[in-house]
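# what's the 3D shape of this:
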Amino acid sequence: MEFNEYQKLANRTLLGNEQVLTNCALGLASESGEVIDLIKQYTFHGEELNQEELVKEMGDVLWYLSQIAQWADIPFEDIAKDNITKLNARYKKD
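Below is the predicted model:
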């Protein structure tokens, strides 16, 4: 699946009002915390890393990111391409 296709499909599930950006920003923070908590439980509490739960929570992070991009009229694929360009410049291989 392409990023822009994901963004379009994900947008069909957006429920919101005039506060949609705030809702998405808070949701992104919340879901990022869920990912962090899973990693913390694995790293510091000796729990098994629940990959199924990690995939779900990372998917929620992806959804919120895509919706913030949608709100800002930024194609999701542009974000991914720009990030790779930045990483390639930062971590040049000799």
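# show me the helices in the chain, by range?
Along the chain, the segments classed as helices by DSSP state H run 3-11, 20-45, 51-71, 76-90.
# got the ones you listed as CSV, with mean pLDDT and mean neighbour count columns?
Using the backbone N, CA and C atoms, a C-beta is placed for each residue, glycine as well. Formatted as CSV, those follow (pLDDT from 0 to 100; neighbours: other Cβ atoms under 10 Å):
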stretch, mean pLDDT, mean neighbour count
helix 3-11, 90, 15
helix 20-45, 97, 14
helix 51-71, 96, 17
helix 76-90, 95, 12
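# what's the pLDDT at residue 92?
Note for residue 92: predicted pLDDT of 86.
# OK, contacts around the residue nearest in space to the middle of the chain?
For the chain, the residue nearest the mean C-alpha position is residue 62 (2.7 Å; Cα atoms, centre = their mean). Residue 62 makes contact with 6, 10, according to Cβ atoms under 8 Å, 6 or more residues apart in numbering.
# can you do 6 Å?
Taking Cβ atoms under 6 Å, 6 or more residues apart in numbering as the contact definition, residue 62 lies against nothing.
# just residue 14 next, same as before
By Cβ under 6 Å, 6+ apart, the contact list for residue 14 reads residue 67.
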